[in-house]
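Colleague: here is my input, please return the structure:
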Amino acid sequence: MKLAFFSARPYDVQSFESVYAKSFSSKFEVTFHAFRLSTETAMLARDTDAVCVFVNDPLGPDLLKQLHGYGVRAVLLRCSGYNAVDLKAAEELGIMVANVPGYSPESIAEFAVAQIQTLNRKTHRTYNRVREGNFTLDGLLGFTLCGRTVGIIGTGRIGVACARILHGFGCNVLGYDLYPNAAFKEYGTFADLDTLLTQSDIVSLHCPLTESTRHLVDSSFLTKMKKGAMLVNTSRGALIDTSAVITSLKSGHLGGLALDVYEGEELVFYHDHSGKIIADDVLMRLMTFPNALVSGHQAFFTEESLAQIAETTLGNMEAFVQGTVCKNALTKATK
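Modeller: Model prediction:
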């Protein structure tokens, strides 16, 4: 059987080839393509049994039908998010869709805390100043994390890992989740959402994107936040209504914003746009604020995460090849 990778960056190839050579080379073949899977490039999946894509690669009904016609019976996501795939259409076509539900939660939690400290202590601005010979401290004032209240929305493995780190800083940690995780209680206290928002100096998002959480952060949410508080998102971009956030930043109510994800990121992130004009006016407006920090969806990007993603994804392929139960399957394949 054959597996074709799309949107494969050099680091993807390196991490997957290492795991593949060690444990899976005798079980199926793999090929790598640097470009995104689309109706124009899908022909490269002809006579391939499965394709592997990343978080921002959209697979709608038309593309899935095209893949099915080429013989593809499995879509493997090397990420946890699956909102870009039409699961209903895949189910109807008998295409198995499987994801990587969890990998190195500490990687994302540590990055969220790094964003908090970068935005708070303004180390990114210091770096640029010092390179120009400017060693003044004006405009670089931050605050001590110890004793501050941090609200964690979403207390899964990443939320708990983040709470563990912030608890170590001496923060008062509040948590909110529709399905509370008992492990969180070791590091913080559960509260209702309104209480968390009104008391927290920092709010960090670690919840999944569902229809109920889409634009969770809207004007009402932001108004309830403590004036001058910081908002951090290392989860999913569409949790935030970016226009509402811009309005709050302009009014001075929201004190700071750190984003590693963005609602329209699929058209921008993971590509080099230097020397080009980026057409996303909302993103460009957001990046003009001195108290807004934007990174390119890199919180997951550690050696440990890449190794775990490769192991799980190739394990999903092995289950598909062998016809055994794939514990990470979101839909079932019918051959």
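
Colleague: so where is the protein shaky, pLDDT-wise?
Modeller: Judged by pLDDT under 70, the chain has its weakly predicted residues at 335.

Colleague: longest helix anywhere in it?
Modeller: helix 303-322 (DSSP state H).

Colleague: what does stretch 286-306 rub up against?
Modeller: Identification of contacts with stretch 286-306 by CB atoms under 8 Å, 6 or more residues apart in numbering yields 11-12, 15, 55, 79, 103-104, 106-108, 111-112, 115, 118-119, 124-125, 234, 242, 245-246, 249, 255-262, 265, 269-270, 283, 309. For the C-beta atoms, the positions are set from N, CA and C on the backbone; glycine is no exception.

Colleague: which parts of this structure are strands?
Modeller: For the chain, strands defined by DSSP state E occupy the ranges 2-5, 29-32, 50-53, 74-77, 96-98, 149-153, 172-176, 189-190, 202-205, 230-233, 256-259, 292-294.

Colleague: and the third one, C-alpha only, in PDB?
Modeller: Just to be clear, that refers to strand 50-53. Presented in PDB, the C-alpha positions along strand 50-53 are these (Å, rounded to 0.1, in the frame of the first residue of the first chain):
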ATOM      1  CA  ALA A  50      -4.000   7.100   1.700                       C
ATOM      2  CA  VAL A  51      -3.000  10.700   1.900                       C
ATOM      3  CA  CYS A  52      -1.500  12.700   4.800                       C
ATOM      4  CA  VAL A  53      -2.200  16.400   5.200                       C
END
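
Colleague: which secondary structure elements does it sit against?
Modeller: Where contact means 3 or more CB pairs under 8 Å, 6 or more residues apart in numbering; DSSP states H and E, strand 50-53 is packed against strand 2-5, strand 74-77, helix 303-322.

Colleague: which of these is buried the deepest?
Modeller: Sort those by mean neighbour count, taking mean count of other CB atoms under 10 Å, and strand 74-77 sits at the top with a mean of 26.

Colleague: so which elements touch it?
Modeller: Using 3+ CB pairs under 8 Å, 6+ apart, strand 74-77 is in contact with strand 50-53, strand 96-98, helix 303-322.

Colleague: mind checking which of those is nearest P180?
Modeller: helix 303-322 (25.6 Å; CB to CB).

Colleague: next one: the closest one to chain centre, how far?
Modeller: 18 Å (CA atoms, centre = their mean, to the nearest Å).

Colleague: using CSV, write out every CA atom in it.
Modeller: Provided in CSV are the C-alpha atoms of helix 303-322 (Å, rounded to 0.1, in the frame of the first residue of the first chain):
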residue,chain,number,x,y,z
GLU,A,303,11.6,17.7,18.4
GLU,A,304,9.4,15.8,20.8
SER,A,305,6.1,16.8,19.1
LEU,A,306,7.3,16.0,15.6
ALA,A,307,8.5,12.5,16.8
GLN,A,308,5.2,11.8,18.5
ILE,A,309,3.2,13.1,15.5
ALA,A,310,5.1,10.9,13.1
GLU,A,311,4.8,7.8,15.3
THR,A,312,1.0,8.2,15.7
THR,A,313,0.3,9.1,12.1
LEU,A,314,2.3,6.1,10.7
GLY,A,315,0.6,4.0,13.4
ASN,A,316,-2.8,5.1,12.0
MET,A,317,-1.6,4.1,8.6
GLU,A,318,-0.5,0.7,9.8
ALA,A,319,-3.9,0.1,11.4
PHE,A,320,-5.6,1.0,8.1
VAL,A,321,-3.3,-1.3,6.1
GLN,A,322,-3.9,-4.2,8.4
